[in-house]
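> Based on what follows, work out the 3D shape:
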Amino acid sequence: MDPTDMKILAALEDGLPLVPEPFEEIGKRLGLTGGEVLARTQKLQETGVIRRFRARINQRKLGISANALVAWRCNGKPAEKTGAVLASYPSVTHCYERKAVPGRWEYSLYTVHHGRSREAVDGEIRKIAGAAGLSEYLVLFSTEEYKRVPHLRIRENGRGS
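Purely as a prediction, here's the structure:
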């Protein structure tokens with residue numbers, strides 16, 4: 001990677017411009033052609049520097065305001081298999097494992113859910129609990145979003161900020 005690649009990465013972090021030729025637009029800002037930006041971006045993707053492109057949507061503007069973290073108690077069920085069941089549901093946006101603290105906190109699997117209402121999210125969680133055979137879980141709804149952390153910013157010297 002060279003300084004031009006770093007500038008392209010920084011520009012891509014801000015998102016693709018919503019214009020018919022987004023790579024041309026980025027190229028104009030950086031003094032490159034759209035073809036150069038696209039070729040370098042493809043090379044960065046081929047080498048694994050860029051893993052994927054994705055859309056980041058402001059869910060609240062879409063009416064998705066019921067957001068919950070669910071802590072699941074596995075009660076001896078294998079976390080890997082149980083986690084796979086939980087993660088298989090489209091409504092689960094994150095699924096991860098943390099070590100339980102015996103005698104203090106027995107929950108080891110966590111899922112994140114989003115929906116238009118608490119009732120809808122609660123219904124989906126009950127459905128998932130039944131399918132996974134889990135009866136002990138805590139649902140923690142968020143009440144306020146204070147900050148959405150942006151991705152790591154790339155500076156020209158190659159270090160994050």
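> Identify the residues contacting residue 87.
95, 111 (Cβ atoms under 8 Å, 6 or more residues apart in numbering). Where C-beta positions appear, they are placed from N, C-alpha and C, glycine not excepted.
> Could you rerun that using 10 Å?
If a contact means Cβ atoms under 10 Å, 6 or more residues apart in numbering, then residue 87 has 93-96, 109, 111 as its contacts.
> which among those end up buried?
95, 109, 111 (16 or more other Cβ atoms under 10 Å).
> Which member of these is positioned nearest residue 64?
residue 111 (15.9 Å; Cβ to Cβ).
> And the closest one, what's its pLDDT?
You'll see residue 111 listed with a pLDDT of 97.
> Can you name the element that comes right after the strand or helix carrying it?
Using DSSP states H and E, residue 111 sits in strand 109-115. Going down the chain from strand 109-115, the next helix or strand is helix 118-132, by DSSP H and E.
> What residues sit buried inside that next one?
Applying 16+ other Cβ under 10 Å to helix 118-132 flags 121-122, 124-125, 128-129, 132 as buried.
> okay, the angle between that helix and strand 109-115?
Here the directions of helix 118-132 and strand 109-115 differ by 140 degrees (axes from the mean of the first three to the mean of the last three Cα atoms, to 10 degrees).
> what is the mean pLDDT for helix 118-132?
96.
> coming back round to it: neighbouring strands of the strand holding residue 111 in the sheet, and parallel or not?
Looking at strand 109-115 with DSSP bridges, its partner strands are strand 66-72 (antiparallel), strand 92-97 (antiparallel).
> quick one: which of those is nearest residue 57?
strand 92-97 (11.4 Å).
> what does the closest one contact?
Defining contact as Cβ under 10 Å, 6+ apart, one finds that strand 92-97 is touched by 59, 67, 69-70, 72, 74, 79-80, 82-89, 108-114, 124-125, 128.
> Measure how far the strand holding residue 111 is from the centre of its chain, please.
Relative to its chain's centre, strand 109-115 lies at 12 Å (Cα atoms, centre = their mean, to the nearest Å).
> Stretch 123-143 now?
For stretch 123-143, the distance to the chain centre is 20 Å (Cα atoms, centre = their mean).
> just stretch 97-111 next, same as before
Worked out by Cα atoms, centre = their mean, stretch 97-111 lies 22 Å from the chain centre.
> Residue 24: neighbour count?
16 (other Cβ atoms under 10 Å).
> ok, for it, nearest residue in space, not its chain neighbours?
In space, and not counting its chain neighbours, residue 24 is closest to residue 34: 3.4 Å by Cβ to Cβ, 6 or more residues apart in numbering.
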